[in-house]
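Student: Okay, sequence plus prediction incoming.
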Amino acid sequence: MTTLTTLNIATRQSPLALWQAEHIQARLQALYPSLTVNLVPMVTQGDKILDTPLAKIGGKGLFVKELEQALYEKRADIAVHSLKDVPMVLPEGLTLGAYCEREQPTDAFISNHYASLDALPQGAKLGTSSLRRQCQIQQYRPDLEIISLRGNVGTRLAKLDAGEYDAIILATSGLTRLGLTDRIRHELDTHISLPAVGQGALAIECRSDDADVLALLKPLNDEPSRLCVMAERAMNRHLQGGCQVPIAGFATIQNGQIYLQGRVGSVDGKTLLKAEHHNALVDDVRESEQIAEAVGVVVAEALIAQGADKILAQIYQDG
Ligand SMILES: NCc1[nH]cc(CCC(=O)O)c1CC(=O)O
């Protein structure tokens, strides 16, 4: 039993971040009725710089730094993140104490005029700022004009509604959390757009030495989801990719096997490297963790053998 009486959750203030923080607040409150769970809202660098492509301002790490500072200074005890936005290597002294059950990992097609990606006319304007979405969609539809699209989910939908784009792509899970599933025309098949590493999963960051909080978070962890995202993140780490890179990675567990698909693309959509690997998991948690990470490394190596390192080096140089 915990001796904690209060738990503070650091959160960004975008509607999606607030939804996620409130969701975890409610789950903790249900598990521990006598615990007081507070939200500590804050503004991050990433929220302030809205007009520059993320790749040029250092990637998504900018959305988590202030939250991590609050953890270090004990102004907060946990931070709730879309795992997709969490850098592959965490700063010293912080850890992910729980990986929540993954929701729908797909990308969603949103348009006011067209029912699907296939229905878009030649040369249509498609909004996304994700290099991963861009390179996969360009591979499938080289004729489309990809236009940068930043801002939180509501802002992006408003830009679509203002007529700046014929269609946009957003994560299904973000729209679902915000009650906006009616905006989704269809979900992209993973054959066309393989999701981002960690997409659709929430992760909870805390201090590595905070045994009380780690114990408290345990029931929120979903072990199959954790193993899948560990494989994906091990692949990304081995590719030395950050969050803002044309890398896709998606793992599933079926019949005791972990199965990981990975992709690296050139931004022009002309090259899209693909690799996959699977291996049997075991009963032991630690051993399964190592198996999952090893699968990630095998997929990364297979991508590197096809030239992924050269594609990524080019992108870092241009960025
Ligand atoms: N890039 C911002 C971001 N970070 C997490 C999500 C969606 C939720 C998730 O993937 O868990 C989104 C929105 C989007 O990509 O459309």
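Tutor: Great, that's in hand.

Student: State the mean pLDDT of the helix or strand hosting Gly154.
Tutor: When elements are assigned from DSSP states H and E, Gly154 belongs to helix 153-161. Averaging pLDDT along helix 153-161 gives 96.

Student: Can you mark which positions in it are buried?
Tutor: Val153, Arg156, Leu157, Lys159, Leu160 (16 or more other C-beta atoms under 10 Å). Quick note: C-beta positions are derived from backbone N, CA and C, even for glycine.

Student: What about the ligand: which of these touch it?
Tutor: Val153 (C-beta under 6 Å from any ligand atom).

Student: Of all residues in the stretch 201-319 of the chain, which one is closest to the ligand?
Tutor: Using C-beta to the nearest ligand atom, the closest approach of the stretch 201-319 of the chain to the ligand is made by Ala201 at 6.2 Å.

Student: Looks like that residue contacts Asp85 (just checking).
Tutor: No - taking contacts as C-beta atoms under 8 Å, Ala201 lies outside contact range of Asp85: 10.9 Å.

Student: between these two, who's got more neighbours?
Tutor: Ala201 (24 against 21; other C-beta atoms under 10 Å).

Student: got the residue ranges for the helices in the stretch 101-250 of the chain?
Tutor: For the stretch 101-250 of the chain, the helices defined by DSSP state H, counting those that start in this stretch cover 131-140, 153-161, 172-177, 211-217, 223-238.

Student: Can you say which of those is nearest to Tyr114?
Tutor: Smallest distance to Tyr114 across the helices of the stretch 101-250 of the chain (C-beta to C-beta): 11.4 Å, for helix 153-161.

Student: Run through who's touching the closest one.
Tutor: Contact with helix 153-161 is made by 14-16, 110-112, 127, 149-151, 165, 167-168, 170, 174-175, 178, 180, 183, as judged by C-beta atoms under 8 Å, 6 or more residues apart in numbering.

Student: ok, which residues in the protein are in contact with the ligand?
Tutor: Residues of the chain found near the ligand (C-beta under 6 Å from any ligand atom) are Ser82, Lys84, Asp85, Val153, Leu170, Ala171, Ser173, Gly174, Gln199, Gly200.

Student: mind redoing it with 5 Å?
Tutor: Proximity of the chain to the ligand (C-beta under 5 Å from any ligand atom) is limited to residues Ser82, Lys84, Asp85, Leu170, Ala171, Ser173, Gly174, Gln199, Gly200.

Student: Format the residues you listed as a markdown table; extra columns: distance to Asp268 and pLDDT.
Tutor: Output for these, formatted as a markdown table (distance: C-beta to C-beta, whole Å; pLDDT from 0 to 100):
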| residue | distance to Asp268 | pLDDT |
| --- | --- | --- |
| Ser82 | 27 | 94 |
| Lys84 | 23 | 93 |
| Asp85 | 25 | 88 |
| Leu170 | 23 | 97 |
| Ala171 | 23 | 97 |
| Ser173 | 28 | 97 |
| Gly174 | 27 | 96 |
| Gln199 | 23 | 98 |
| Gly200 | 27 | 98 |
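
Student: per-domain residue ranges of this structure.
Tutor: 1-101+201-221, 107-187, 222-319 (automatic domain parsing).

Student: my guess is Arg141 contacts Leu120, does it?
Tutor: Yes - at 7.1 Å, Arg141 counts as touching Leu120 under the criterion of C-beta under 8 Å.
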